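[1] Have a look at this prediction, sequence included:
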Amino acid sequence: MENLTKEAFKEKVFDFENNKDWKFEGDKPCIIDFYADWCAPCRTLTPIMEELSEAYKGKVDVYKVDTEKQQELAAIFGVRSIPSILFVPADGQPQMATGALPREALVKAIEEVLSVKP
């Protein structure tokens, strides 16, 4: 799992400074976990996200965005509560889910939103 800075986000996900309309920059679907170190539900989600990162290695990229350090990224996606998880398909619009979802719900979203099977 990789922590994204604003610059890395623009390279790997969406260059929001040069594109008004959504244009995915990655080569495979991704999940972005918007979190903060002080957030207890976020800490609960971390091992699940790490496990999914391994389970879908080579098929889905899993990123984390620290909302305390990357406030601009959080603002762009209207993140008001954390954890918030952005599912970004290779084609189509991203979808946001809020809260510490159980593993089963995350797997279902990966299969349905990202069209990726394990």
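    Everything's here; your move. Numbers count the residues shown, from 1 in each chain.
[2] Going by C-alpha atoms from here, please, whenever you check contacts or count neighbours.
    OK.
[3] check contacts around residue 80.
    Contact analysis of residue 80 by CA atoms under 8 Å, 6 or more residues apart in numbering lists residue 74.
[4] cool, residue 33 as well?
    Applying CA under 8 Å, 6+ apart, we find residue 33 in contact with 62, 63, 64, 65, 83, 84, 85, 86.
[5] same thing with residue 88?
    Remark: with contacts taken as CA under 8 Å, 6+ apart, residue 88 is in contact with 29, 30, 31, 32, 94, 95, 113, 114.
[6] Name the nearest residue to it, ignoring sequence neighbours.
    Nearest residue to residue 88, sequence neighbours excluded (CA to CA, 6 or more residues apart in numbering): residue 94, at 4.4 Å.
[7] what are the bridge partners for the residue nearest the centre of the chain, then?
    In the chain, the residue lying closest to the centroid (CA atoms, centre = their mean) is residue 32, at 1.0 Å. Residue 32 has these beta-bridge partners by DSSP bridges: residue 63, residue 86.
[8] for stretch 84-95, how far is the first residue from the last?
    Its first and final residues considered, stretch 84-95 spans 10 Å by CA to CA, to the nearest Å.
[9] what mean pLDDT would you report for that stretch?
    Averaging pLDDT along stretch 84-95 gives 95.
[10] With stretch 36-44 instead?
    Average pLDDT, stretch 36-44: 96.
[11] what does it contact?
    35, 66, 67, 68, 82, 83, 99, 100.
[12] who wins for neighbours among the contacts of residue 88?
    Counting neighbours by other CA atoms under 10 Å, residue 31 leads those with 27 neighbours.
[13] Tell me who's in contact with that one.
    60, 61, 62, 63, 85, 86, 87, 88.
[14] please redo it, this time with the cut-off set to 6 Å
    Neighbouring residues of residue 31 by CA atoms under 6 Å, 6 or more residues apart in numbering: 62, 86, 87.
[15] For ChimeraX, what selects the buried ones among these?
    Applied in ChimeraX, the following selects the buried portion of the contacts of residue 31 according to 16 or more other CA atoms under 10 Å:
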select :62,86,87
